[in-house]
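Asks: Structure for this input, please:
(one chain, ligands or ions: 1)
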Amino acid sequence: MTTASDKPYLKLDHVGKSFTRAGVTSEVLKDVSLTIDRNEFVSIIGHSGCGKSTLLNLVAGLTQVSTGAVLLEEREVNSPGPDRAVVFQNHSLLPWLSVYANVRLGVDKVFGSKKTRAERHDWTMHNLELVQMAHAKDKRPSEISGGMKQRVGIARALAMEPKVLLLDEPFGALDALTRAHLQDSLMQIHASLGNTVIMITHDVDEAVLLSDRIVMMTNGPSARIGEVLTVELPRPRKRLEMAAHPTYLKARESVLRFLYERHRFVEAA
Ligand SMILES: Nc1ncnc2c1ncn2[C@@H]1O[C@H](COP(=O)(O)OP(=O)(O)OP(=O)(O)O)[C@@H](O)[C@H]1O
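Replies: This is a model prediction of the structure:
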């Protein structure tokens, strides 16, 4: 018997994407198929320029597929929507608004007719508290650090209660310590809210620590999924315990071998 839970939550069905510029067509992605379960945390890793952001933009609905389809709960995705929130590497907060107003903007957009003003205020504060930024609610983006801006960007995305959270190298521009703190926060948020997350990263340790599965892309052009690794580590995961865990080390080695042996990046001449 088929039940609702048997159906794929998010499905990339033979997705291809080409861009045409000045009459020249280049195929970036070719025949990418993947199904992602509700609550799953999936990382996408691959060399620079292989098409990771393109893939995320297709799921976000910011770009259209050339072939195949993206389906969320069996409905085709072909435009952006609040059910899929994106957090970019370069925090995209509105500089003239306070931290609070940046999050509240998204809350009003999604819940304007469903929640009262007081409820929208409480929900905004709740999400700022989730990322430990409530104390800075009245500050402008220029008055807070890069890590804090990224926290606010995540709060803004979470506050919209998206079905899928799309993270495009969210911690890429941060120092190692801040990055570690935010990774820990993200793991806690994922554990308590059970979001479905797709995260692009270049950081092998980040991918192994956070993910249920790691999708490894081949080099472009015409990039495809080369391998998918399931990370069989129990949760909650503690970074210090993981560092010496045999499963962690094995997963890390598999990803490194994929990237640096089997699909080594060769700079175009
Ligand atoms: N709008 C566009 N028009 C034309 N080409 C594009 C467009 N967007 C992306 N591309 C091309 O698609 C390829 C993949 O780009 P994409 O940004 O998806 O790669 P990436 O894997 O995310 O790279 P990085 O890791 O460096 O961020 C590149 O060759 C890029 O030039």
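
Asks: can we go C-alpha only for contacts and neighbour counts from here?
Replies: Fine.

Asks: What count of nearby residues applies to residue 42?
Replies: 26 (other C-alpha atoms under 10 Å).

Asks: can you pull the contacts of residue 66?
Replies: Taking C-alpha atoms under 8 Å, 6 or more residues apart in numbering as the criterion, residue 66 is in contact with 15, 16, 17, 18.

Asks: Residue 79 now?
Replies: Applying C-alpha under 8 Å, 6+ apart to residue 79 gives the contacts 60, 61, 62, 63, 64.

Asks: Would you mind pulling the contact partners of the helix or strand where residue 166 lies?
Replies: Assessed by DSSP states H and E, residue 166 sits inside strand 164-168. The contact list for strand 164-168 (C-alpha under 8 Å, 6+ apart) reads 53, 56, 60, 83-89, 157-158, 195-201.

Asks: now those residues: which count as buried?
Replies: Buried subset of the contacts of strand 164-168 (neighbour count, 16 or more other C-alpha atoms under 10 Å): 53, 56, 60, 84-89, 157-158, 195-201.

Asks: between the contacts of residue 79, which has the most around it?
Replies: Counting by other C-alpha under 10 Å, top hit in the contacts of residue 79: residue 60 with 24 neighbours.

Asks: Now the phi/psi pair for that one, please.
Replies: phi -70, psi -20 (degrees, to the nearest 10).

Asks: I'd like the contacts of residue 66 written out as JSON lines, with distance to the ligand added.
Replies: As requested, those are exported to JSON lines (distance: C-alpha to the nearest ligand atom, whole Å):
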{"residue": "15", "distance to the ligand": "14"}
{"residue": "16", "distance to the ligand": "12"}
{"residue": "17", "distance to the ligand": "9"}
{"residue": "18", "distance to the ligand": "8"}
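
Asks: Please, which helix or strand holds residue 148?
Replies: helix 146-159.

Asks: picking that back up, which one of the contacts of residue 79 is nearest residue 207?
Replies: residue 60 (20.4 Å; C-alpha to C-alpha).

Asks: mind checking how far the closest one is from the ligand?
Replies: Distance, residue 60 to the ligand, by C-alpha to the nearest ligand atom, to the nearest Å: 13 Å.
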